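Peer 1: Okay, here's the prediction I keep looking at, along with the sequence it came from:
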Amino acid sequence: QVQLVESGGGLVQAGDSLRLSCAASGRTFSSYAIYWFRQPPGNERERVAAISWSGTNTYYADSVKGRFTISRDNAKNTVYLQMNSLKAEDTAVYYCAATYQDRYFSPSPPKYDYWGQGTQVTVSS
C-alpha cells in the first residue's frame with residue numbers, strides 16, 4: 001500500500017517558480033514510477049510529467065517541456081516537480097500518481113495504482 005500526499009501549491013505570478021512535492025508512505029516506494037497530472041477548471045486531466053522508479057527515465061508533455069523538471073529522492077520517498085516560467089495556463093489542481101514498475105518504464109501505463117489528493121496551483125497573469 002502506498003499513500004501519496006502532494007504539497008507546494010499556491011498562488012504565484014506569471015514567470016514565477018514553484019516546486020511541488022509528492023511524499024509517499026510505504027517501504028516499496030522505490031518500486032513505483034510516479035506521474036504528475038494536472039486538471040484545469042472545467043477541463044480534463046492532463047499528464048504532464050513522469051519518472052521511472054530509478055529516476056533514469058523521464059517524460060514531459062510538450063506543454064511543459066523545458067520549463068518543468070521531475071526528480072525523485074527515494075531515500076526521502078519523495079518526487080518533486082520543479083515548475084519554472086509559470087504561465088496562467090498552468091493553473092490547475094496538480095495530482096501525483098504511482099504505478100508499480102515491473103520492468104519497463106511506460107510514460108502512459110494502462111492503470112495507476114495510487115493517487116494523491118491534489119494541490120492547487122494558481123498563476124496570475
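Peer 2: Alright, I've got the coordinates. Residues are numbered from 1 along each chain as shown.
Peer 1: okay, CA-based contacts and neighbour counts for the rest of this
Peer 2: Will do.
Peer 1: Was I right to think residue 8 contacts residue 119?
Peer 2: Yes. At 7.3 Å, residue 8 counts as touching residue 119 under the criterion of C-alpha atoms under 8 Å.
Peer 1: out of those two, which sits in the more crowded spot?
Peer 2: Neighbour tally, residue 8 and residue 119, criterion other C-alpha atoms under 10 Å: the higher count belongs to residue 119, 21 against 15.
Peer 1: What does the pLDDT read for that one?
Peer 2: Residue 119 is assigned 98 on the pLDDT scale.
Peer 1: beta partners for it?
Peer 2: Residue 119 forms beta bridges with residue 94, as assigned by DSSP bridges.
Peer 1: Repeat that for residue 123.
Peer 2: Note on residue 123: beta-bridge partners residue 12, judged by DSSP bridges.
Peer 1: Count the neighbours of it for me.
Peer 2: Neighbour number of residue 123 under other C-alpha under 10 Å is 20.
Peer 1: pLDDT value on it, please?
Peer 2: Predicted confidence (pLDDT) for residue 123: 98.
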